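[1] sequence-free structure coming up:
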């Protein structure tokens, strides 16, 4: 891996890298303090977004929205 970028960080945090890619990413981050800082910052942002919005995923879909979706489907 030449240089860690946001695509790599997102894939890593999403668990989308295979074992080989994950090891390569982790080695690159270990060797690059800027990449490590960027990963940590992005991880904090993701954690904060989960803290703020995960509860919304448990809310029921409003009936009005369901009705609109049903009408579009038919």
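    Good, I have the coordinates. Owing to the predicted nature of the structure, the values given are computational and were not obtained by experimental measurement.

[2] Which element, helix or strand, includes residue 36?
    Here residue 36, judged by DSSP states H and E, is contained in helix 33-53.

[3] Tell me the gap between that helix and the middle of its chain.
    Distance of helix 33-53 from its chain centroid, counting by Cα atoms, centre = their mean, to the nearest Å, is 9 Å.

[4] Could you list the residues in contact with it?
    Under the criterion Cβ atoms under 8 Å, 6 or more residues apart in numbering, residues 3-4, 6, 9-10, 12-13, 28-30 lie in contact with helix 33-53. Quick note: C-beta positions are derived from backbone N, CA and C, even for glycine.

[5] Return the set of buried residues in that helix.
    With burial defined by 16 or more other Cβ atoms under 10 Å, the residues of helix 33-53 counted as buried are 35, 38-39.

[6] Relative to residue 17, which of these is nearest.
    Closest to residue 17 out of those is residue 39 (12.7 Å), distances taken as Cβ to Cβ.

[7] Quick one, grab the pLDDT at the most centrally placed residue in the chain.
    Central residue check for the chain by Cα atoms, centre = their mean: the C-alpha nearest the mean position is that of residue 14, 4.8 Å away. At residue 14, the model reports a pLDDT of 95.
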